[in-house]
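S.K.: Sharing a sequence plus its predicted fold:
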Amino acid sequence: MKFTVFGIGSATPQLDKNPSAFLVQIENEYILIDCGEGTQYRLLEAKIKHTRLKTICISHLHGDHYFGLAGLLSSLSLNRRKEHITLIGPPGLIDILNLQFKSSGTILSFELNFIPTDNSDHKRLLDNGVFSIDSFPLIHRVPTTGFLITQKAGLRHLLADKLPENFPIPYIKKLKEGADVYDEMSGKTFLCSEFTSEGEPEKKLAYCSDTAYNTSMIPVIKDANFMYHEATFTSELKSRAEKTQHSTAAQAAEIAQMANIGMMVIGHFSSRYKEFNTHLAEAKEVFEATFLAEEGKTFTII
């Protein structure tokens, strides 16, 4: 699993900081989380193949998190995409898109499967056998959800050199699924533990978009390998964070510590800051495994 940053800024436009957009890669498939203005250009710069983009998640309906979505979907249609896209987001999002497409005479070349979020409770929204996506409530000025993406544990690795020649394919499948196999022809039992090794473990990524300090999400994201958490302000503006329902870097770190997160990346920095060393120092004082979001940087989740 990989997490790529395409925007570290907050609501006010900044020439050197793009609005929120993040790409999660699981095997050969991409999940886009939030889609601020210009996201499609960031994807082009990174040479992301649009055919591998299957799912888009929008956390809330503030412009810096979704104003790039209509343009991206329109461009995918102009490229004659045929495969459907699953779009997850607030209920009003599909109405906004339908109005934009109706007004511009746009007819998408692909099916858009919309799954509405509900910020009243933790919910499982998608499970395709390879990964699942859950939403959970955040505290912000409009209905907002975070996302928990879980990459399921991989199949066991086959130790092919230990198996006899022409070993039946159905038996191989069972071994990789973790089952022992009894061969009636030879009367021999092939133990999973002897002929396979452990597969890739389950990995969890928590995405905490715009939110006030929010301990209620800890049970949902507990023990996640990786967390992105907004850190719009540093602690001297804690009162401003409370008023606007955002978080400070220290508050984000407290959440990471209490939830036993593996590593945390902070972003969504207010335009009043020209550098973010104070954000990083403040967070590291509470939670050492903190890193700054940087435009175009990819984090590998292990």
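M.R.: Nice, I can see it. Numbering: from 1, shown residues only.
S.K.: and the nearest residue to Gly267 once chain neighbours are set aside, what does it touch?
M.R.: Nearest residue to Gly267, sequence neighbours excluded (Cβ to Cβ, 6 or more residues apart in numbering): Ala293, at 3.2 Å. Glycine gets a C-beta too; all of them are placed from N, C-alpha and C. By Cβ atoms under 8 Å, 6 or more residues apart in numbering, the contact set of Ala293 is 5, 8, 228, 265-268.
S.K.: Just send those residues back as CSV, with neighbour count too.
M.R.: CSV is the format used below for those (neighbours: other Cβ atoms under 10 Å):
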residue, neighbour count
Val5, 22
Ile8, 24
Tyr228, 27
Val265, 24
Ile266, 29
Gly267, 25
His268, 29
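S.K.: Narrow those to those in strands?
M.R.: Per DSSP state E, strands hold the following members of the contacts of Ala293: 5, 228, 265-267.
S.K.: what ranges do the helices span in the stretch 201-302 of the chain?
M.R.: For the stretch 201-302 of the chain, the helices defined by DSSP state H, counting those that start in this stretch cover 218-221, 238-244, 249-258, 277-286.
S.K.: among those, which is the most enclosed?
M.R.: Of all the helices of the stretch 201-302 of the chain, helix 249-258 has the most neighbours on average by mean count of other Cβ atoms under 10 Å, namely a mean of 23.
S.K.: Can you tell me which helices and strands that helix packs against?
M.R.: Counting contacts by 3 or more Cβ pairs under 8 Å, 6 or more residues apart in numbering; DSSP states H and E, helix 249-258 packs against strand 226-230, strand 263-267, helix 277-286, strand 290-292.
S.K.: and the third one, how far from the chain's centre?
M.R.: Taking the mean C-alpha point of helix 277-286 and that of its whole chain, the gap between them comes to 23 Å (Cα atoms, centre = their mean, to the nearest Å).
S.K.: What is it packed up against?
M.R.: On a contact count with 3+ Cβ pairs under 8 Å, 6+ apart, helix 277-286 meets helix 249-258, strand 263-267, strand 290-292.
S.K.: The shortest one too?
M.R.: In terms of contacts (3+ Cβ pairs under 8 Å, 6+ apart), strand 290-292 is packed against helix 249-258, strand 263-267, helix 277-286.
S.K.: how much does the second one deviate in direction from helix 277-286?
M.R.: Orientation note: strand 263-267 sits at an angle of 150 degrees relative to helix 277-286 (axes from the mean of the first three to the mean of the last three Cα atoms, to 10 degrees).
S.K.: Partner strands of strand 263-267 and their direction?
M.R.: Note on strand 263-267: by DSSP bridges, its sheet partners are strand 226-230 (parallel), strand 290-292 (parallel).
S.K.: Quick one: residues in contact with that strand.
M.R.: Under Cβ under 8 Å, 6+ apart, the answer for strand 263-267 is 3, 5, 7-8, 20, 225-231, 249, 252-253, 256, 279-280, 283, 287, 289-293, 299, 301.
S.K.: average model confidence for that strand?
M.R.: Per-region confidence: strand 263-267 scores 98 on mean pLDDT.
S.K.: chain center to the longest helix along the chain: distance?
M.R.: Counting residues, the longest helix found in the chain (DSSP state H) is helix 92-104. Relative to the centre of its chain, helix 92-104 is centred 25 Å away, using Cα atoms, centre = their mean.
S.K.: same deal with stretch 244-257?
M.R.: Stretch 244-257 sits 19 Å away from the centroid of its parent chain (Cα atoms, centre = their mean).
S.K.: Mind listing residues that contact that stretch?
M.R.: Residues from elsewhere that reach stretch 244-257 (Cβ under 8 Å, 6+ apart): 139-141, 208, 210-215, 217-218, 227, 229-235, 237-238, 240-241, 261, 264, 266, 268, 278-280, 282-287, 289-290.
S.K.: cutoff 7 Å now
M.R.: Stretch 244-257 is contacted by residues 139-141, 210-213, 218, 227, 229-235, 238, 241, 264, 266, 279, 282-283, 286-287, 290 when judged by Cβ atoms under 7 Å, 6 or more residues apart in numbering.
S.K.: quick check: mean pLDDT across it?
M.R.: Average pLDDT, stretch 244-257: 98.
S.K.: same deal with stretch 195-202?
M.R.: Mean per-residue pLDDT for stretch 195-202: 84.
S.K.: Run through who's touching that stretch.
M.R.: Applying Cβ under 7 Å, 6+ apart, the contact partners of stretch 195-202 are 150-159, 162-163, 175-176.
S.K.: Now tabulate the helices and strands packed on helix 249-258 in CSV and tack on distance to Ile26.
M.R.: What follows is the helices and strands packed on helix 249-258, written out as CSV (distance: least, Cβ to Cβ, whole Å):
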stretch, distance to Ile26
strand 226-230, 12
strand 263-267, 17
helix 277-286, 27
strand 290-292, 20
